[in-house]
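*Asks:* Could you look at this predicted model? Sequence included:
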Amino acid sequence: MTGPVFHMIADGPRPVAPFSHAVEQDGWVILTGQMPTDPAAPDAPLPRGVKAQTARVIENLKIVLNGVGLDLSHVLQCRCYLAEFERDYSAFNAVYQEYFPADRRPARTTVGVTALALGALVEIDCLAKRPDGGGS
């Protein structure tokens, strides 16, 4: 068993708090919840609406996954947070399902929250696993 590896992805989204983009141990990779910020323009306004924000968040997760040599097919579980759950749940799902084939969708929990950092409407964190179970 090896110790944890704390990943900061050079071209990843700028952190909005003190955290690592991902932490890995024994082939398990835990990704910090991503915000709908643009890594190329971190001070730009957030995209408008939950659909655009959901797409940006998942694209940010893909950047982090790619930075550790993985992709969305390695994701086993997602936790999704919506600031306006009742209003946005259906629209969120419409975008989310475009990223995961119907026969390979991660386990998922989606919860409504009172607020998210930066006034975002959506945040997603996830758990991924390396296929060989190996370390980083």
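*Replies:* Thanks, I have the structure now. Numbers count the residues shown, from 1 in each chain.
*Asks:* Just give the number of residues close to Asp125.
*Replies:* Neighbourhood size, Asp125 [other C-beta atoms under 10 Å]: 17. Where you see a C-beta, it was placed from the backbone N, CA and C, and this is true even at glycine.
*Asks:* so who does it touch?
*Replies:* For Asp125, the contacting residues are 30-34, 78-79, by C-beta atoms under 8 Å, 6 or more residues apart in numbering.
*Asks:* so how far is stretch 107-125 from its chain's centroid?
*Replies:* 10 Å (C-alpha atoms, centre = their mean, to the nearest Å).
*Asks:* quick check: mean pLDDT across that stretch?
*Replies:* For stretch 107-125, mean pLDDT is 97.
*Asks:* follow-up on the earlier one: sort out for me which of the contacts of Asp125 are in strands.
*Replies:* Secondary structure defined by DSSP state E assigns 30-34, 78-79 of those to strands.
*Asks:* about what we covered before: out of the contacts of Asp125, who's nearest Asn93?
*Replies:* Closest approach to Asn93 among those (C-beta to C-beta): Cys78, at 12.0 Å.
*Asks:* Test my guess that that closest one contacts Val122.
*Replies:* No: using C-beta atoms under 8 Å, Cys78 is not in contact with Val122; the gap is 11.4 Å.
*Asks:* Among those two, which residue is more densely surrounded?
*Replies:* The residue with more neighbours, out of Cys78 and Val122, is Val122; 31 against 24, by other C-beta under 10 Å.
*Asks:* roughly how far apart are the more buried one and His7?
*Replies:* 22 Å (C-beta to C-beta, to the nearest Å).
*Asks:* Check Val111 too.
*Replies:* Using C-beta to C-beta, Val111 is found at 26 Å from His7.
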